[in-house]
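**Student:** Everything below, folded, please.
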Amino acid sequence: MKKFLIALLAVFCVGMSARADKYTIDRNQLPKPALEMIEKYFPKAKIAMIKVDRHLLKKTDYDVKFVNGTKLEFNNAGKWTSVDCKKKEVPQELVIKPIRNYVKKNGNGAYIVKIESKLKGYEVELSDGVELKFNKLGKLTHIDIVDD
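**Tutor:** All right, here's what the predicted structure looks like:
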């Protein structure tokens, strides 16, 4: 039993050491597509922090936070998975056209402040607190009214 507990503790320690987070402000730590996206859509934004999150199977995620509070998340390949501009509008070009059109037509003047790319589609948060879910083709699948 004692050997089993020691082995279990050793496995746990190895697992925890393999998952190391690194914090930096060096843009060069980001994959090229992530860096290009930031330069194109947020050219004047100043980076407050970049979190390089390494997982066990050599998978790495990147979280970028700007001084103005905007947060971006990227996957291992440098493709964005989340753009959270807080109270500001997410750059229109980052949102696929069907979603842009839906929000423009049905949003009653609200605009997109957050978008997440999920396996099954997109989750969008509007400036008025409404949360929308779309499939990968941009077809609305769910509306959620958030009370603040």
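**Student:** Can you pull out the low-pLDDT segments for the protein?
**Tutor:** The chain contains residues with pLDDT under 70 at 1-20, 58, 147-148.
**Student:** Give the bridge partners for the residue nearest the centre of it, please.
**Tutor:** Central residue of the chain (Cα atoms, centre = their mean): Ser82, 2.3 Å from the mean position. Taking DSSP bridges as the rule, Ser82 bridges to Glu73, Glu116.
**Student:** wait, it sits on Leu72?
**Tutor:** Yes: under the criterion of Cβ atoms under 8 Å, Ser82 makes contact with Leu72 at 6.9 Å. All C-beta spots, glycine's among them, are computed from the backbone N, C-alpha and C.
**Student:** For the residue nearest to the centre of the chain, give its distance to Ile115.
**Tutor:** Distance, Ser82 to Ile115, using Cβ to Cβ, to the nearest Å: 7 Å.
**Student:** One more: Met37?
**Tutor:** 13 Å.
**Student:** Equivalent analysis for Pro43, please.
**Tutor:** 19 Å.
**Student:** out of these two, which sits in the busier spot?
**Tutor:** Neighbours per residue, other Cβ atoms under 10 Å: of Pro43 and Ile115, the larger number sits with Ile115, 23 against 7.
**Student:** buried stuff in the helix or strand where Glu36 lies?
**Tutor:** Taking DSSP states H and E as the definition, one finds Glu36 inside helix 32-41. Going by neighbour count (16 or more other Cβ atoms under 10 Å), the buried part of helix 32-41 is 34-35, 37-38, 41.
**Student:** Run through who's touching it.
**Tutor:** Helix 32-41 is touched from outside by 27-28, 30, 45, 62, 64, 72, 74, 77-80, 91, 93-94, with contacts defined as Cβ atoms under 8 Å, 6 or more residues apart in numbering.
**Student:** ok, the residues you listed vs Arg54, which is closest?
**Tutor:** If you rank these by distance to Arg54 using Cβ to Cβ, Tyr62 comes first, at 10.2 Å.
**Student:** Tally up the residues packed near the closest residue to that closest one other than its chain neighbours, please.
**Tutor:** Spatial nearest neighbour of Tyr62, excluding adjacent residues (Cβ to Cβ, 6 or more residues apart in numbering): Phe74 at 4.3 Å. Other residues near Phe74 come to 24 when the count uses other Cβ under 10 Å.
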